[in-house]
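**Q** Below are the sequence and a predicted model; questions follow.
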Amino acid sequence: MKYACLVYLQEAEIGKLSQSAWDALNTECMAFGQQIVDSGQRLGGEALEPSFTATTLRVRNGKVSTVDGPFAETKEQLAGFYLIEAKDLNEALQIASRIPPARYGTIEVRPVRELSETGNSSFRPQ
């Protein structure tokens, strides 16, 4: 089963890291990424630029509107994601617990919803 591991960090707190600590964290993330590539569990993933570079887009009544910045002001910002393959949620959580930024922020683990060729899905939000 596929899972998205969404990495959330407080950008202001991460910004306080020394350059050497920041470099070490990035090196550790790259090593972890390679480990799960080698194990066949990493399907994809990327680090994201800081939230101030985001543009939020909405379409309402056929009109497109954009706003600079993220959707909402939050304590933690989405910093990146890993797309992984795991046999079940327990294995996905075990993999996610090894993501280095978990020491600084939060990792949200969410099953990937598979769509059929018709776009149908067994899940519909309440």
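**A** Received it, and whenever you're ready, just let me know what you need. The structure presented is a predicted model; accordingly, all values stated were derived computationally and were not measured.

**Q** if I look at Ile84, how far off is Lys2?
**A** Ile84 sits 7 Å away from Lys2, going by C-beta to C-beta, to the nearest Å. For every residue, glycine as well, the C-beta is placed using N, CA and C.

**Q** Settle it for me: which of the two has more neighbours?
**A** Using other C-beta atoms under 10 Å as the criterion, Ile84 and Lys2 rank with Ile84 on top: 25 against 15.

**Q** just the strands in the chain please.
**A** Assigned by DSSP state E, the strands in the chain fall at 2-9, 42-47, 55-60, 63-68, 77-85, 106-111.

**Q** how many other residues sit next to the nearest residue to Gln35 once chain neighbours are set aside?
**A** Distance criterion C-beta to C-beta, 6 or more residues apart in numbering; nearest residue to Gln35, sequence neighbours excluded, is Arg98 at 7.9 Å. By the criterion of other C-beta under 10 Å, Arg98 has 11 neighbours.

**Q** thinking again about what came up before, give the residues shared as contacts by Ile84 and Lys2.
**A** Common contacts of Ile84 and Lys2 (C-beta atoms under 8 Å, 6 or more residues apart in numbering): Leu43.

**Q** which regions of the protein lie under the pLDDT threshold?
**A** Scanning the chain for pLDDT under 70 picks out 71-73, 119-126.

**Q** Now tell me what touches the top helix by length along it from outside.
**A** With DSSP state H setting the assignment, residue counts place helix 19-38 as the longest helix in the chain. Helix 19-38 is contacted from outside by 14, 17, 42, 45, 47, 82, 84, 95, 98-101, 104, using C-beta under 8 Å, 6+ apart.
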